[in-house]
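**Q** Fold the stuff below for me.
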Amino acid sequence: MDNYESNLFKTANKLRGKIPPSDYKFYVLPLVFIRYMSEKNKDGVWEKITNECNQDGIETLLDNELDKILPKFEQIKSPYENIYSESNLPTRTIKELVCLINEIDTNNQEEKVDYLGRIYEYFIGNFAATEGNRGGEFFTPPSIVELLVQMLNPQGGIVYDPACGTGGMFIQSNKYSGKKMKFIGQEQNCKTIMLAYMNGVLHGLDLQIKNGDTLLNDCFNDLKADYVISNPPFNMKDWGSEHLLPSDPRVFGTINKNNANYMWVQHFIYHLKDTGKAGFVISNGALTSSNEADLDTRKKMIKQNIIDCVVQLPDKMFLGTAIPSALIFLDKGRGVKDKILFIDASSLGENVSKTQKVLLENDIARICKIYHDYQKGKKVKYNEKGYSWVAKVSDVVKNEYKIMPSIYTGVQEKIMDSVIVEREIEELKMKLIQQIKKSNEISNSIFEELI
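**A** A predicted model of the protein is given here:
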């Protein structure tokens, strides 16, 4: 195990039993950030902290340093104000955390930003399972983020995520593209904004994040982005639709008061430039929902001719939920194209535990290649039974505007080997005979006891 992984596990053990595991990151990652900023600015702050960590007042010292290096938010109280001095953590534990972060060796790293960024990403991802379901919010697995980014293929301009969480979509987009981009996000959870901002700084991003309920308080009214990439909360029920203004410029369809899925979609579309593209996660149910409001919005999306591709994901992709999910890709500049690419990737991926599956690199490459070939208009075989299909928009209309990939791809045909089938039947026969024999033995034993 790498040094940084070993130390981060040690920090988790120090916090065990004192605070919920889902809160570990709020106390560990700011220390990583303070150390990074101190080493970057060569101001001796981290050295001062390590020298004074055995003295009283370490909590106040840490809070003061965070206040200096993190931005202020006009509309809210600072999310990191007094994070250590008002915590339930014993002073002894905070001192031990400082010492453990100090033990992580970065002296031999050519790029300290990359190294500390790895620490940051590892810690967030490692404790994702502890997040659970918070109103439909789920940690986006790295393989899904990677697939979204590679399919969307951001190449400069503005990237917008209105449910940005800790900034994972931004970090991956920056890694993938390598081109100068402006990242804009909105997030409702104040502490998560702190993590997203630190994450962005560690990775050198041009980042702007505002706090607020995206659907009810759009903080970027005039924003038009080149790319929208997001994993919004699934199936939000009581989301406050009654507070929307009748004149809300984002709304072009009917509002579903009991499910926010298509309000999120309308929000994405509104914030795209005329040539903008979007890629986002959505629950499978939204692809075929016959709810009057959802169906009306989906019809209007089809008529706008902006749905470019839909990908059905494997099950068990998200920790903490069994809700099946999919990806939708929109392209406002796709012109007169009258077809939609459907990909059923539900058979792909690999189980890494009983409750989670991940997409492998070759799975991601396979899905991305067919989509990028489709975008470029290459003459390749797109129609593969049970996997991919290019359907006419008119066929989607005939299917009552349903956009579930499996409707169009069908089920993959399996050619059964008769020899293998016969062998399996014989094995099942033997098992059945053995079970019947054992059942008879148990019955006879019981009968003898009764006599």
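
**Q** gap between the helix ranked longest in the chain and the chain center?
**A** Criterion DSSP state H: the longest helix present in the chain is helix 418-450. Once both centres are worked out by CA atoms, centre = their mean, to the nearest Å, helix 418-450 turns out to sit 48 Å from its chain's centre.

**Q** the helices in the stretch 251-400 of the chain, which residues?
**A** For the stretch 251-400 of the chain, applying DSSP state H, counting those that start in this stretch gives helices covering 261-270, 285-288, 292-304, 361-376, 393-398.

**Q** C-alpha coordinates for the shortest one, PDB please?
**A** Going back to what we said before, that points to helix 285-288. Extracted C-alpha coordinates of helix 285-288, given in PDB (Å, rounded to 0.1, in the frame of the first residue of the first chain):
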ATOM      1  CA  GLY A 285     -37.800   5.200 -15.400                       C
ATOM      2  CA  ALA A 286     -37.500   8.700 -16.900                       C
ATOM      3  CA  LEU A 287     -36.800   7.200 -20.300                       C
ATOM      4  CA  THR A 288     -40.300   5.600 -20.600                       C
END
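
**Q** What count of nearby residues applies to R423?
**A** Here the count is done by other CB atoms under 10 Å, and R423 has 11 residues near it. C-betas here are computed from N, CA, C, even on glycine.

**Q** Same check on I323?
**A** Using other CB under 10 Å, I323 has 16 other residues around it.

**Q** pLDDT of the helix or strand harbouring V98, averaged?
**A** Following DSSP states H and E, the helix or strand that holds V98 is helix 91-103. When pLDDT is averaged along helix 91-103, the result is 86.

**Q** Distance from that helix to the middle of the chain?
**A** With CA atoms, centre = their mean, you get 30 Å for helix 91-103.

**Q** Run through who's touching stretch 207-219.
**A** Counting by CB atoms under 8 Å, 6 or more residues apart in numbering, the neighbours of stretch 207-219 from elsewhere in the structure are 73, 75-76, 79, 162-164, 167, 170, 182-188, 190, 193, 196-197, 200-201, 220, 232, 239-240, 243-244, 250, 260, 263-264, 267.

**Q** what do you get if the cut-off is 7 Å, keeping everything else the same?
**A** 73, 75-76, 162-164, 170, 183-188, 190, 193, 196-197, 200, 239-240, 243, 260, 263, 267 (CB atoms under 7 Å, 6 or more residues apart in numbering).

**Q** do the same with stretch 159-166
**A** For stretch 159-166, contacts defined as CB under 7 Å, 6+ apart pick out 124, 169-170, 173, 181, 183-187, 192, 195-196, 199, 209, 214, 223, 225, 227-233, 267, 271.

**Q** Can you get me the start-to-end distance on that stretch?
**A** Its start and end residues considered, stretch 159-166 measures 15 Å (CA to CA, to the nearest Å).

**Q** need the strands for this structure, in chain order.
**A** If DSSP state E is used as the criterion, the strands of the chain fall at 157-161, 181-187, 206-211, 225-230, 272-283, 307-312, 325-331, 339-344, 350-351, 357-358, 388-392.

**Q** so which of these gets nearest K68?
**A** Closest approach to K68 among those (CB to CB): strand 206-211, 18.4 Å.

**Q** For the closest one, the averaged confidence score.
**A** 92.

**Q** what does stretch 177-193 give?
**A** Stretch 177-193 shows an average pLDDT of 89 in the prediction.

**Q** again with stretch 344-353
**A** pLDDT averaged over stretch 344-353 equals 91, rounded to a whole number.

**Q** Name the residues of that stretch that are buried.
**A** Using 16 or more other CB atoms under 10 Å as the test for burial, stretch 344-353 gives D344, A345, S346, L348, G349.

**Q** and which of these is nearest Y408?
**A** Using CB to CB, D344 is the member of the buried residues of stretch 344-353 that sits closest to Y408, with 8.5 Å.

**Q** circling back: buried only: go through the contacts of stretch 207-219 for me.
**A** For these, burial is judged from neighbour counts taken by 16+ other CB under 10 Å, and it is met by 73, 162-164, 170, 183-188, 193, 196-197, 200, 239, 260, 263, 267.

**Q** What about the closest residue to E350 other than its chain neighbours, how many residues nearby?
**A** Spatial nearest neighbour of E350, excluding adjacent residues (CB to CB, 6 or more residues apart in numbering): L360 at 5.6 Å. In terms of burial, L360 registers 12 neighbours under the definition other CB under 10 Å.

**Q** G57 now?
**A** Using other CB under 10 Å, G57 has 11 neighbouring residues.

**Q** try R16
**A** Applying the criterion other CB under 10 Å, we find 10 residues in the vicinity of R16.

**Q** so where's the stretch 51-200 of the chain uncertain?
**A** Counting by pLDDT under 70, the stretch 51-200 of the chain contains low-confidence ranges at 73-80, 105-118, 120-139.

**Q** can you give me the helices in it?
**A** 58-69, 91-103, 112-126, 142-152, 168-177, 190-202.

**Q** nearest to N440, of the ones you listed?
**A** Comparing the helices of the stretch 51-200 of the chain by their distance to N440 (CB to CB), the top pick is helix 142-152, with 50.4 Å.
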